[in-house]
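[1] Take a look and give me a structure for this.
(chains A and B)
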Amino acid sequence: MAEQCAVIGIGQTKHRESRRDVSMPGLIRIAALQALEDADMAFEDVDAIVIGTAPDMFEGIMMPELFLADALGAAGKPIFRVHTAGSVGGSTAVVASHLVQAGVHEKVLTVAFEKQSESNAMWALSPAIPFQPQLVAGAGGYFAPLMRSYIRRADAHPDTGCMVAVKDRAHGMLNPYAHLHLDQSLEEVKAAPMLWDPIRYSETCPSSDGAVAMVLVDDKHAKRVKNPAWVRGTSVRTERTFFAGRDQVNPRAGQQCAKDVYDQAGITNPLSEIDCAEIYVPFSWFEPMWLENLGFAEEGLGWKMTMEGQTKLGANMPINMSGGVMCTNPIGASGMLRFAEAARQVRGTADKHQVDGAKVAVGHAYGGGSQFFAMWIVSSER
Amino acid sequence: MSDFLSAPYVLEYTYTRSTGPVIARFLESLRYGVLEGVKTADGRVLCPPLEYDEAGTATTGEFVQLRPAGTVKSWTWVPKPRKGHPLDRPFAFALIQIDGTDNAMVHLVDAEKPKRMKTGMRVRVRWAEERNGTIRDIACFEPVLPYLPGPVHLQYDVRPGQHYTAFLKGLEEGKLIGGCDPQSGKVYVPPRAADPVTGDPTSEYVEVADTGVLTTFTIIRIPFEGQKLKPPYCFGAIVLDGADMPIYHLISGVPYDQIRMGMRVKAKWKPREQWETSLENILYFEPTGEPDAPFESYEEHL
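    Residues are numbered from 1 along each chain as shown, chains lettered A, B, ... in the order given. Sure, this is the predicted structure:
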């Protein structure tokens, strides 16, 4: 890679169940302007725009980047869209960083968003296509069997999922941008109705409207701010939904994505060398599963880290300091929100959910049937 | 109580009201679906118009046409409408400032539920279907919503392709056809144009059994959009005997609390005369009653 890349601006909307107060262009503009202000920049300073959102069926708009260009000051500039299902927010940031690292552009604005209230994701996930058996399960119904497999394989404590929900919601209370602000006890979480065994209502993410934006620049422009977050590694990996011998609990593409990004950043022991991580946990049981997939825990032991409280703010491996997807889920933006939170942590701008002295942080996203993965590592040091 | 006499009595009469020139003009405009306000001597606009303003000064008799929309200044919810109310469903009485005026009109807002009412909300006039020059020509006000329906309708021809067609044709005869990539020896159900591991077609067709192992599952208890079945129902991954990866189907014929990983299951087919080129020829999988498969035997399929 020819150039270093740094995050110097981050912005996001207040996330809510419904942002009917703004249009889709209005929504992304809030996040974009905030990121530019943070970077001490204006639209005219931007060289190119990379935008990401979830599959077209989720909002019913094909090629949304075309009608959103004006809201992002993109007239006369390159703009394009990245499209990798739920991991899209992450891979969008990765693509934006590559444009800078490759020396193609010096200053890139990247934006991800979703207005879930304009559609119905459960409907979009269950189309009745001729000849195909309809996926009769919904999103949680697809993932619940994988969690049952995980629990059986790891002999995990049955309260692990509930512990994650309590922890993420407690973190979300510290984040004014989060959609859910729920002060929940373990008893309340456990008492919630079962939707898809073993997933309770309280162990699922909300459906949100929201947008997030970042400004990524090369070395020369990183000086605009005192505290750039340096991109130390990026990776994207994919595998097929179904193939013989596929490990759906601990997917190989996820393991390879993590290894790749650690190798780039020179990390050999993620647990000791990484200060905190924002990982994509739309259903609480994914925390222990990803802890293992990403190498923070040995296979079969992720749930112990959670149960021992090691993933709380203030503990040794804080996970999802912002409250994560469990508190805020504008699908297309969810991946980039993870990447942005990692950058906020190493910039020291995470306010009430700041990890003291965070220097190295991971942002992670996954999508589809646990098959699309995107990660980055950011650091306060160049 | 029979010591006290009682009889129903209705006092009812239609009086005649002289409207005066100002109100007459206002009501006559309503008949044509036009909303007007009157100007006061000090330059304000009032709707509904008055002959004399609150300072006791006669209004000018000069009218201005208004946009039939306004802002709710205050409101109260009526959960149970009475007989004389203009709407027979719950509604709000509201004080509405028509755009371009300096006073407010009392009228009602058809908002369905109190959650949709807010001071400061935008409302528009819903005109009565038949108008006859009374205030009831404004049937009510309705919320102006900052969104609109966005219908999408796409039409496709779906062609399942060579390998999937082999699978579907098999189903029509009550057979489950898999495809084997000769290089890897793995059997995919349905057959594929390419084994994702080797990239080669799974071109050797083999029939697999309609029995297998339930590897993992969930009980779906939530209703959602597009759902065909009524919850609760069980959705599980089944590795058919002779196949190397699971198919997903419904599990039934057994109480939900007795469904377990490793359970041996068998397809429950529809009556033969109803068979089509569809996996729905199988209604669900049900227990065979055989001993469960040991965890190690299916662990690689999780």
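[2] Run through the neighbouring helices and strands of the helix or strand of chain A with the lowest mean pLDDT.
    Taking mean pLDDT, DSSP states H and E as the measure, the helices and strands of chain A show their lowest mean at helix A:121-125, namely a mean of 79. When contacts are defined as 3 or more CB pairs under 8 Å, 6 or more residues apart in numbering or on different chains; DSSP states H and E, helix A:121-125 sits against helix A:138-154. Glycine gets a C-beta too; all of them are placed from N, C-alpha and C.
[3] And for the helix or strand that comes right after the helix it packs on, what's in contact with it?
    Using DSSP states H and E, the helix or strand that follows helix A:138-154 in sequence is helix A:160-172. Residues external to helix A:160-172 that are found in contact with it (CB atoms under 8 Å, 6 or more residues apart in numbering or on different chains): A:147, A:178, A:180-186, A:189-190, A:198-200, A:202-203, A:281, A:283-285, A:287-288, A:303, A:306-307, A:309, A:311-313, A:320-324, A:326-328, A:353.
[4] and what of stretch A:303-311?
    Outside of stretch A:303-311, the residues within contact range by CB under 8 Å, 6+ apart are A:154, A:156-157, A:159-160, A:163-164, A:167, A:287-288, A:291, A:296-297, A:315-320.
[5] Drop anything exposed from these.
    Buried by 16 or more other CB atoms under 10 Å in any protein chain shown: A:154, A:156, A:160, A:163-164, A:167, A:287-288, A:291, A:296-297, A:317-320, out of the contacts of stretch A:303-311.
[6] now for those residues, which pair is the farthest apart?
    A:A154 and A:P318 (21.7 Å; CB to CB).
[7] so where's the chain shaky on pLDDT?
    No chain in the question, so chain A it is. For chain A, the stretches with pLDDT under 70 are A:1, A:134-136.
[8] meant chain B, my bad for not saying
    Scanning chain B for pLDDT under 70 picks out B:1, B:225-226.
[9] can you pull out the helices in it?
    For chain B, the helices defined by DSSP state H cover B:20-31, B:161-172, B:295-298.
[10] Would you format those as TSV with mean neighbour count and distance to chain A included?
    Converted to TSV, these look like this (neighbours: other CB atoms under 10 Å in any protein chain shown; distance: least, CB to the nearest CB, whole Å):
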stretch	mean neighbour count	distance to chain A
helix B:20-31	16	32
helix B:161-172	17	6
helix B:295-298	14	7
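[11] So which of the ones you listed is nearest A:R232?
    Among the helices of chain B, helix B:295-298 comes nearest to A:R232, with 40.6 Å by CB to CB.
[12] Give me the packing partners of the closest one, helices and strands only.
    strand B:211-220.
[13] buried ones in the strand it packs on?
    B:T211, B:G212, B:V213, B:L214, B:T215, B:T216, B:F217, B:T218, B:I219, B:I220.
[14] looking at it, B:V123 is touching B:K73, isn't it?
    No - using CB atoms under 8 Å, B:V123 makes no contact with B:K73, being 10.8 Å away.
[15] Overlap of the contact sets of those two?
    Counting by CB under 8 Å, 6+ apart, the contacts common to B:V123 and B:K73 are B:A94, B:I96.
[16] Show me which of those two is the more surrounded one.
    Under the criterion of other CB atoms under 10 Å in any protein chain shown, the comparison of B:V123 against B:K73 puts B:V123 first, with 26 against 14.
[17] need the helices for chain A, in chain order.
    Along chain A, counting by DSSP H, helices occupy A:24-38, A:64-68, A:88-101, A:121-125, A:138-154, A:160-172, A:186-191, A:219-222, A:252-265, A:270-273, A:286-293, A:302-307, A:331-347.
[18] Now for B:K270, how many residues are close by?
    Counted by other CB under 10 Å, the residues lying close to B:K270 total 14.
[19] whoops, A:R148 was the one
    24.
[20] how far away is it from chain B?
    5 Å (CB to the nearest CB, to the nearest Å).
[21] can you pull the contacts of the residue nearest to that residue when sequence neighbours are not counted?
    Nearest residue to A:R148, sequence neighbours excluded (CB to CB, 6 or more residues apart in numbering or on different chains): B:T216, at 4.8 Å. Applying CB under 8 Å, 6+ apart, we find B:T216 in contact with A:P145, A:L146, A:R148, A:S149, A:R152, B:G236, B:A237, B:M261, B:L302.
[22] and stretch B:85-92, how far from the chain's centre?
    Here stretch B:85-92 is found 24 Å from its chain centre; the criterion is CA atoms, centre = their mean, to the nearest Å.
[23] hang on, I meant stretch A:214-227
    Distance, centroid of stretch A:214-227 to centroid of chain: 22 Å (CA atoms, centre = their mean).
[24] That stretch: which residues count as buried?
    A:M214, A:V215, A:L216, A:V217, A:D218, A:H221, A:A222, A:R224, A:V225.
[25] residues touching A:D40, list them.
    Contact analysis of A:D40 by CB under 8 Å, 6+ apart lists A:I8, A:G9, A:R224, A:V225.
[26] what about it, distance to chain B?
    A:D40 sits 33 Å away from chain B when distances are taken as CB to the nearest CB.
[27] Over to A:Q184?
    From A:Q184 across to chain B, the span is 19 Å (CB to the nearest CB).
[28] What count of nearby residues applies to the closest residue to that residue other than its chain neighbours?
    Leaving aside its sequence neighbours, A:Q184 sits nearest to A:R169 (CB to CB, 6+ apart; 5.0 Å). A count of neighbours around A:R169, defined by other CB under 10 Å, yields 24.
[29] same deal with the one 3 residues further on?
    Residue neighbour count, defined by other CB under 10 Å, stands at 26 for A:G172.
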